[in-house]
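Student: Sequence unavailable; structure follows:
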């Protein structure tokens, strides 16, 4: 979690709040008199986690008008000023409130109060696992169906990636069944009647383009490269290119509109990437390396990456897609 806000109301709460702020790298503050509602609203929308040190009712009244969706609401914790009870109040799984409550309880010597059904039943909380491991949940309806079904029976799981560690309670490996989960970047991965698809964000897209290429053209080229391989665009983790493209407004706009980080590499860095790549003498004369898109994708994806989409060209935009070395890890 990156942004953790802590609200306290008493002197004892202030002491605990400041201690937690140091351990969690957050910010602790006391709401101004009569200003709790407006401050809570601001922090609710700006923070990844919001911690109330005080009566649970204070927290409930403050956030009640703000609750919107389990996919967007921040983690909310309510705890007493002695740290005896740390209550995961909102977004226990996707928002990470359950894990945060356990972490805080470890600091205070208190007890984490968790009420989500899968946790109290000792069953696999797949939405919490997905969030923790950087996977996009394809459908919240399927996630709800999976969460309900796993309380009644064991469910199958299939993965396109190596599975490490012991399978969690309630899960077995199989591609058959009425309801199950699949870990894949493929758009059509649906082996079960009701399939919960978890999409790991492990793809790095390298781009080469002509000067002044608009965002719409880049978007079309990327979507074309993805669809040709049946890949879900939500699997994209980062974009990459050569450093001479840093001022390309169209490319920058595409990354900004899709909330994707962008990485730039020098010609020397791209040239040093090991592997066999197509080569363009014209591109080499212009920028000092004969292939930008594939090399940039591999550079961004890191060691032991795999180039899963080699250089494709559309409207003057070249696209290469590399996949990180990644595994499904159960602790």
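Tutor: On my side now, so go ahead. The shown structure was predicted, so the numbers you read here are calculated from the model rather than taken from an experiment.

Student: Just give the number of residues close to residue 286.
Tutor: 13 (other CB atoms under 10 Å). Yep, even glycine has a C-beta here, placed from its N, CA and C like the rest.

Student: actually residue 256, not the one I wrote
Tutor: For residue 256, using other CB under 10 Å, the count is 11.

Student: now swap in residue 159 and tell me
Tutor: 17.

Student: what does residue 99 give?
Tutor: 20.

Student: Wait, it touches residue 132, no?
Tutor: Yes - between residue 99 and residue 132 there is a contact under CB atoms under 8 Å: 7.3 Å.

Student: Report the set of residues contacting both of these two.
Tutor: The contact sets of residue 99 and residue 132 do not overlap (CB atoms under 8 Å, 6 or more residues apart in numbering).

Student: which stretches of the stretch 101-250 of the chain form helices?
Tutor: 117-120, 126-132, 140-150, 215-228, 249-257 (DSSP state H, counting those that start in this stretch).

Student: right, so those helices: which one is the most enclosed?
Tutor: Of all the helices of the stretch 101-250 of the chain, helix 126-132 has the most neighbours on average by mean count of other CB atoms under 10 Å, namely a mean of 21.

Student: Give me the distance from that helix to the chain's centre.
Tutor: 9 Å (CA atoms, centre = their mean, to the nearest Å).

Student: how about residue 178, what does it touch?
Tutor: Residues near residue 178 by CB under 8 Å, 6+ apart: 192-194.

Student: and residue 69, how far is that from residue 94?
Tutor: 9 Å (CB to CB, to the nearest Å).

Student: where are the low-confidence patches of the stretch 51-200 of the chain?
Tutor: Judged by pLDDT under 70, the stretch 51-200 of the chain has no weakly predicted residues.

Student: let's see 90
Tutor: For the stretch 51-200 of the chain, the stretches with pLDDT under 90 are 69-72, 92-94, 116-121, 128.

Student: how about the strands in it?
Tutor: Using DSSP state E, counting those that start in this stretch, the strands found in the stretch 51-200 of the chain span residues 75-79, 85-90, 111-113, 135-137, 155-159, 163-164, 171-173, 179-183, 194-200.

Student: and these, which is most packed in?
Tutor: Comparing these by mean neighbour count (mean count of other CB under 10 Å), strand 75-79 ranks first with a mean of 27.

Student: Closest one of the contacts of residue 178 to residue 143?
Tutor: Comparing the contacts of residue 178 against residue 143 with CB to CB places residue 194 closest, at 10.4 Å.

Student: Quick check, the closest one in contact with residue 144.
Tutor: No - between residue 194 and residue 144 there is no contact under CB under 8 Å: 10.2 Å.

Student: ok so, going back, when residue 69 and residue 94 are compared, which one has more neighbours?
Tutor: residue 94 (21 against 9).

Student: Tell me how many other residues surround residue 48.
Tutor: Residues near residue 48, counting by other CB under 10 Å: 16.

Student: That one and residue 255: what is the separation?
Tutor: 22 Å.

Student: And residue 186, by the same measure?
Tutor: Residue 186 is 24 Å from residue 255, by CB to CB.

Student: now what about stretch 141-153, what contacts it?
Tutor: Taking CB under 8 Å, 6+ apart as the rule, stretch 141-153 contacts 117-118, 121, 123-127, 137, 155, 170-171, 179-181, 194-197.

Student: Out of the helices of the stretch 101-250 of the chain, flag the one nearest residue 74.
Tutor: That would be, of the helices of the stretch 101-250 of the chain and by CB to CB, helix 126-132, which comes in at 12.5 Å.

Student: Packing partners of the closest one?
Tutor: helix 97-108, strand 135-137, helix 140-150, strand 194-200 (3 or more CB pairs under 8 Å, 6 or more residues apart in numbering; DSSP states H and E).

Student: Mind putting these into a markdown table with distance to residue 88?
Tutor: Listed next are the helices and strands packed on helix 126-132 as a markdown table, based on distance: least, CB to CB, whole Å:
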| stretch | distance to residue 88 |
| --- | --- |
| helix 97-108 | 4 |
| strand 135-137 | 19 |
| helix 140-150 | 16 |
| strand 194-200 | 22 |
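
Student: residues touching the most centrally placed residue in the chain, list them.
Tutor: Per CA atoms, centre = their mean, the C-alpha nearest to the average position across the chain is that of residue 134, at 4.0 Å. For residue 134, the contacting residues are 200-202, 237, by CB under 8 Å, 6+ apart.

Student: Assign a three-state SS to residue 307, would you?
Tutor: Secondary structure, DSSP: H, G, I helix; E, B strand; the rest coil: residue 307 is strand.

Student: Distance-wise, check it relative to residue 134.
Tutor: From residue 307 to residue 134 the distance is 21 Å (CB to CB).

Student: How about residue 192?
Tutor: 23 Å.

Student: same deal with residue 231?
Tutor: 16 Å.

Student: from the chain's centre, how far out does stretch 57-70 sit?
Tutor: 24 Å.

Student: can you check stretch 132-140 too?
Tutor: On CA atoms, centre = their mean, the centre of stretch 132-140 falls 7 Å from that of its chain.
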